[in-house]
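Colleague: Need a 3D model of the sequence below.
(one chain, ligands or ions: 1)
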Amino acid sequence: MLHIVNLVSKTLIESGKSLEIASGSGQHIVQLASSLPNYIWQPTDVDQKRIISIDHRTKDNIHRNIKPARYLDATQVGWSLNYPNQNFILLINLLHLISWEKTKTLINETFQSLALDGILIIYGPFMRDGKLTSKGDIKFHKNILENDPTLGYKNDKEIKNYLLKIGLTHLNTVKMPANNLAFVFQKLSNNLSKS
Ligand SMILES: C[S@@+](CC[C@H](N)C(=O)[O-])C[C@H]1O[C@@H](n2cnc3c(N)ncnc32)[C@H](O)[C@@H]1O
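Modeller: Residues are numbered from 1 along each chain as shown. As a prediction, the model looks like this:
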């Protein structure tokens with residue numbers, strides 16, 4: 001099993017522009033920007049308090065390759081227009097917190113935001129073939145559903161099939177720590193096939 005920074009480091013080559021959706025505290029982007037100094041890193045989040053804390057965390061970034069955090073609601077149609085030609089997009093730990101409809105919008109926008117040959121990594125907890133596979137996952141999924149029955153863990157096959165359906169190419173699905181999965185996809189064609 002690989003840590004997310006190792007996975008990204010061995011997946012990306014050369015240099016480019018990268019966008020992180022739902023950066024949270026900014027903990028991942030700080031490590032990634034340090035490990036991949038040839039990339040310019042754009043942190044984003046929907047929560048203004050998180051945006052402030054990301055900027056606080058990234059202000060001492062030695063390579064000066066992390067941009068100021070920006071507001072992004074990744075479930076809104078059209079956001080990709082503000083983030084064109086991304087060579088890499090990273091999304092960690094969000095899909096279980098949004099509905100399937102919003103997940104599809106997020107993925108469609110991500111496709112449009114990616115540059116040709118760009119890489120997408122989606123990381124987080126997922127069902128395997130429709131099943132929850134650890135006690136912790138069963139409990140977490142149940143808690144989420146109690147607050148909102150439209151949310152909760154997505155199924156690995158459904159996510160993978162949707163990414164394939166819109167026109168992305170599957171490179172790898174990697175088992176990650178804490179029973180998480182990372183889906184690695186690439187945009188090899190500009191034609192978005194909508195559902
Ligand atoms: C569980 S945290 C994950 C944070 C970070 N990616 C990590 O793994 O440490 C979920 C994050 O998603 C953000 N978020 C929730 N809804 C969002 C949306 N519609 N668009 C973008 N970010 C969103 C939250 O503000 C929060 O920072």
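Colleague: Assign Gln42 to helix, strand or coil.
Modeller: strand (DSSP: H, G, I helix; E, B strand; the rest coil).
Colleague: ok, how many other residues are close to it?
Modeller: For Gln42, the neighbour count with other Cβ atoms under 10 Å is 21. No exception for glycine: its C-beta is placed from N, CA and C like everyone else's.
Colleague: Ok, Leu164 next?
Modeller: 13.
Colleague: Please apply the same query to the one 3 residues further on.
Modeller: Using other Cβ under 10 Å, the number of residues around Gly167 comes to 16.
Colleague: How much space separates it from the ligand?
Modeller: Distance, Gly167 to the ligand, using Cβ to the nearest ligand atom, to the nearest Å: 22 Å.
Colleague: now that residue: how far from Ile119?
Modeller: Per Cβ to Cβ, to the nearest Å, Gly167 is found 15 Å from Ile119.
Colleague: for the closest residue to the ligand within the chain, what are its contacts?
Modeller: Closest to the ligand within the chain is Gly24: 2.5 Å, counting by Cβ to the nearest ligand atom. Neighbour list for Gly24: Asp45, Arg50, Ile54, Ile92, Asn93 [criterion: Cβ atoms under 8 Å, 6 or more residues apart in numbering].
Colleague: So which of these reach the ligand?
Modeller: Restricting the contacts of Gly24 to those near the ligand by Cβ under 6 Å from any ligand atom leaves Asp45, Arg50, Ile92, Asn93.
Colleague: Can you tell me which of those residues are classed as buried?
Modeller: Neighbour counting over the ones next to the ligand among the contacts of Gly24 (16 or more other Cβ atoms under 10 Å) leaves Asp45, Arg50, Ile92 as the buried ones.
Colleague: Can you classify the residue of the chain closest to the ligand as helix, strand or coil?
Modeller: Assignment for Gly24 (three-state DSSP): coil.
Colleague: same deal with the one 5 residues further on?
Modeller: Put simply, Ile29 is helix when judged by three-state DSSP.
Colleague: Now for it: which residues touch it?
Modeller: The contact partners of Ile29, taken as Cβ under 8 Å, 6+ apart, are Glu20, Ser23, Trp41, Pro43, Ile54, Thr58, Ile66.
Colleague: nearest residue to the fourth one other than its sequence neighbours?
Modeller: By that I understand Pro43. Excluding the flanking residues, the one nearest Pro43 by Cβ to Cβ, 6 or more residues apart in numbering is Ser23, at 3.9 Å.
Colleague: rewinding a little: narrow the contacts of Ile29 to those that are buried.
Modeller: Using 16+ other Cβ under 10 Å, the buried members of the contacts of Ile29 are Glu20, Ser23, Trp41, Pro43, Ile54, Thr58, Ile66.
Colleague: Cool, thanks, signing off.
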